[in-house]
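1. Only the shape, not the letters, is given here:
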């Protein structure tokens, strides 16, 4: 005999048997509470379904990260451009060779917006230059502080307020990606590539 826990049972307004493609499924309408939901993906072939599933998984992960961190940042290269401008200005305040390392790091950050523009078949040099100019203004004047959310519009090939446009990223993901990239670069730089030869073997 099978038994069910009453607390595990739910309620719905209607139950229907529907046909999806070549199969039949039971569909529940008007379910109460915040239970699980099922997403049905349909495509012409397995390759398309795999791509759809991957895209959906990535989207759900973004939402999950956003709910976990509860903070977001503007996308479209806005964060990288702002950090690059800030670090370049900070580097000029140093009088040691650390200035060179900071300038190189600031330049490396621009790879992200440049790559975004190239992948969208846009003029990366012009767009990144405009983006850096906007963020330089936002960091110099309080009146232009609203420009700090400026990012790339890869559809129109221009720059815009990406926060207002809804192009955002979870702050947690952005922080982790920058941290991991920095740690990887430091690890590579620590490798000693010098090869020493025994003096007895020379000549």
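-> Yes, it's here. Every value quoted in this text rests on a predicted model; they were computed, and no experiment measured them.
2. So what sits opposite the residue most central in space within the chain in the bridge?
-> Nearest to the mean C-alpha position of the chain, counting by C-alpha atoms, centre = their mean, stands residue 169 at 5.4 Å. For residue 169, the beta-bridge partners are residue 73 (DSSP bridges).
3. would you list every one of the helices in this structure?
-> 46-69, 78-91, 98-109, 111-119, 124-140, 162-165, 171-189 (DSSP state H).
4. Pick the most deeply packed of those helices.
-> helix 78-91 (a mean of 20; mean count of other C-beta atoms under 10 Å). Every residue, glycine included, has its C-beta placed from N, CA and C.
5. who does it touch, helix- and strand-wise?
-> helix 98-109, helix 111-119, helix 124-140, strand 150-153 (3 or more C-beta pairs under 8 Å, 6 or more residues apart in numbering; DSSP states H and E).
6. 6 Å instead, please
-> helix 98-109, helix 111-119, helix 124-140 (3 or more C-beta pairs under 6 Å, 6 or more residues apart in numbering; DSSP states H and E).
7. hmm, back to that, now the helices of the chain as CSV including mean pLDDT and distance to residue 199?
-> CSV is the format used below for those (pLDDT from 0 to 100; distance: least, C-beta to C-beta, whole Å):
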stretch, mean pLDDT, distance to residue 199
helix 46-69, 88, 57
helix 78-91, 94, 41
helix 98-109, 92, 34
helix 111-119, 93, 43
helix 124-140, 92, 50
helix 162-165, 91, 61
helix 171-189, 88, 29
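8. Pipe these into TSV and attach distance to residue 29 per row.
-> Below are these laid out as TSV (distance: least, C-beta to C-beta, whole Å):
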stretch	distance to residue 29
helix 46-69	23
helix 78-91	42
helix 98-109	50
helix 111-119	42
helix 124-140	48
helix 162-165	35
helix 171-189	36
